[in-house]
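Trainee: for reference, the sequence and a predicted model appear below.
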Amino acid sequence: MKILITGGAGFIGSHCAEYFAGRQCRVIVVDNLLRSQIFESSAKTVEYNWEYLRGLKNVVLVKNDVRDQKAMNEIFQRERPDAVIHAAGQPGVRASLEDPLEDFSINGKGTLVVLEALRQVNPRGKFIYCSTNKVYGDRVNDLPIRSLTKRYEFKKSAGVHEQFGVDLTGHTPYGVSKLTGDLYVQDHAYAYGLQSAVFRLSCIYGTRQFGFEDQGWLAWFAIKCLQNQTVTIYGDGKQMRDVLWVGDLVAAFDAFIRCGKSLNGEVFNVGGGADRALSLLELVDHLREITGRPLKIKFDDWRKFDQKVYVSDIRKAKRLLGWRPQVAVREGIERLVKWVDDNSKFFKK
């Protein structure tokens with residue numbers, strides 16, 4: 001099987017590439033290596049995953065931008081993939097607010113270019129889109145919550161399900177651009193019969209994640225803890241998310257690709273679910289216990305677009321894909337801390 005992965009040098013994409021290459025698939029990794037520019041960070045962090053993949057058997061690296069229609073069509077004509085995992089994207093809310101045109105170009109146009117490239121060469125190919133819980137926007141904040149000592153939680157709901165409304169609510173440009181791609185993927189299943197699925201991701205974490213304040217918060221907190229630096233919490237720290245180890249996410253993608261029944265155009269909310277929910281204050285406690293270091297925190301005002309609670313209702317993915325998370329929260333945090341510590345040279349002050 002041939003699998004093409006866009007954004008393959010990123011956190012999620014690189015784990016997908018490693019997984020499928022290890023199962024004797026031919027893996028074509030496409031990435032423009034611009035993540036460092038988006039987050040104004042060192043290029044060596046993006047190139048870390050790129051070079052890591054270079055050493056793996058069955059992986060082909062192609063440096064290209066998904067918005068380049070001519071180049072993408074040529075890649076697809078040459079490789080003719082059986083499946084595509086579209087992990088390329090502009091992943092930051094702040095960056096989308098600062099440059100909404102660039103945000104849309106990457107997340108909106110880029111997704112449509114890749115969809116069309118696959119449709120032209122393999123109209124029955126499988127297409128996985130990495131969407132986000134941000135498509136639900138501020139509407140999530142309408143759900144009643146209760147305040148506990150170190151976390152908020154939904155009063156009645158076990159989590160946000162796939163039929164939860166995405167319209168008539170504020171999103172941020174990032175939420176809008178990701179929703180644009182989300183809808184195009186669904187519509188390509190309806191209009192053209194493409195075997196596509198949307199995975200609306202909650203907080204994914206794991207090794208090879210170079211976290212930033214605006215994206216990858218578990219890794220960001222771990223980095224700050226091991227550097228003995230202060231981390232800023234916006235709000236009171238009781239905001240809660242369900243978190244999912246990256247390997248568990250890749251297993252969900254694999255379950256869709258291998259699934260023999262028709263799941264065209266399906267949408268899956270994928271995260272750790274209620275059993276793997278974590279607040280910022282709870283993460284701070286875990287990091288202090290695991291590292292033995294007094295992670296320093298300071299508080300600032302709530303950010304306008306934050307959701308106080310987001311937990312995925314993952315029952316649909318369990319039912320249709322036969323999938324469920326395996327890695328517990330504490331175990332995952334311990335793995336992440338060890339990886340950050342072992343690679344401290346990339347996180348020097």
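Mentor: Happy to help now that I have it.
Trainee: who are the contact partners of Lys156?
Mentor: 143-144 (C-beta atoms under 8 Å, 6 or more residues apart in numbering). All C-beta spots, glycine's among them, are computed from the backbone N, C-alpha and C.
Trainee: helix, strand or coil for it?
Mentor: The three-state label given to Lys156 by DSSP: H, G, I helix; E, B strand; the rest coil is coil.
Trainee: pLDDT value on Ala328, please?
Mentor: pLDDT recorded at Ala328 is 98.
Trainee: excluding its backbone neighbours, what's nearest it?
Mentor: Arg276 (7.3 Å; C-beta to C-beta, 6 or more residues apart in numbering).
Trainee: for the one you found, the count of nearby residues, please.
Mentor: 23 (other C-beta atoms under 10 Å).
Trainee: does it touch Pro325 like I think?
Mentor: Yes - between Arg276 and Pro325 there is a contact under C-beta atoms under 8 Å: 6.1 Å.
Trainee: quickly list what's touching both of those two.
Mentor: Leu244.
Trainee: pLDDT weak spots in the stretch 1-150 of the chain?
Mentor: By pLDDT under 70, the low-scoring segments of the stretch 1-150 of the chain are 36-44, 46.
Trainee: what segments of it are helices?
Mentor: 11-21, 35-38, 43-54, 69-79, 93-98, 100-104, 110-121 (DSSP state H, counting those that start in this stretch).
Trainee: return the first one as PDB; C-alpha atoms alone will do.
Mentor: Taking only C-alpha atoms (Å, rounded to 0.1, in the frame of the first residue of the first chain), the coordinates of helix 11-21 have been written out as PDB:
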ATOM      1  CA  PHE A  11       4.400  16.000  15.100                       C
ATOM      2  CA  ILE A  12       1.400  14.000  14.000                       C
ATOM      3  CA  GLY A  13       2.500  13.400  10.400                       C
ATOM      4  CA  SER A  14       5.900  12.100  11.400                       C
ATOM      5  CA  HIS A  15       4.300   9.500  13.800                       C
ATOM      6  CA  CYS A  16       2.000   8.400  11.000                       C
ATOM      7  CA  ALA A  17       4.900   8.000   8.600                       C
ATOM      8  CA  GLU A  18       6.900   6.000  11.100                       C
ATOM      9  CA  TYR A  19       4.000   3.700  11.900                       C
ATOM     10  CA  PHE A  20       3.000   2.900   8.300                       C
ATOM     11  CA  ALA A  21       6.600   2.600   7.100                       C
END
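Trainee: helix 43-54 and that helix, what's the angle between them?
Mentor: 10 degrees (axes from the mean of the first three to the mean of the last three C-alpha atoms, to 10 degrees).
Trainee: would you mark the buried spots in helix 11-21?
Mentor: By neighbour count with 16 or more other C-beta atoms under 10 Å, helix 11-21 contains the buried residues 11-21.
Trainee: what of the third one?
Mentor: Along helix 43-54, the positions that meet the burial threshold by neighbour count (16+ other C-beta under 10 Å) are 45-46, 48-50, 53.
Trainee: ok, residues contacting that helix?
Mentor: 8-11, 13-14, 17-18, 29, 31, 33-36, 59, 61, 208, 210, 346.
Trainee: likewise for the first one?
Mentor: Helix 11-21 is touched from outside by 1, 3, 5-8, 27, 29, 31, 49, 52-53, 56-59, 85, 87-88, 130, 204, 206, 208-210, 216, 246-247, 249-250, 253-254, with contacts defined as C-beta under 8 Å, 6+ apart.
Trainee: and if we set it to 7 Å?
Mentor: The contact list for helix 11-21 (C-beta atoms under 7 Å, 6 or more residues apart in numbering) reads 3, 5, 7-8, 27, 29, 49, 52-53, 56-59, 85, 87, 130, 204, 206, 208-209, 246-247, 249-250, 253.
Trainee: contact partners for Asn269?
Mentor: When the contact criterion is C-beta under 7 Å, 6+ apart, the partners of Asn269 are 160-162, 200, 312-314.
Trainee: closest to Lys338 among the buried residues of helix 43-54?
Mentor: Distances from Lys338 to these, taken as C-beta to C-beta, are shortest for Tyr48 (16.4 Å).
Trainee: still on that earlier bit, buried subset of the contacts of helix 11-21?
Mentor: 3, 5, 7-8, 27, 29, 49, 53, 59, 85, 87, 130, 204, 206, 208-209, 246-247, 249-250, 253.
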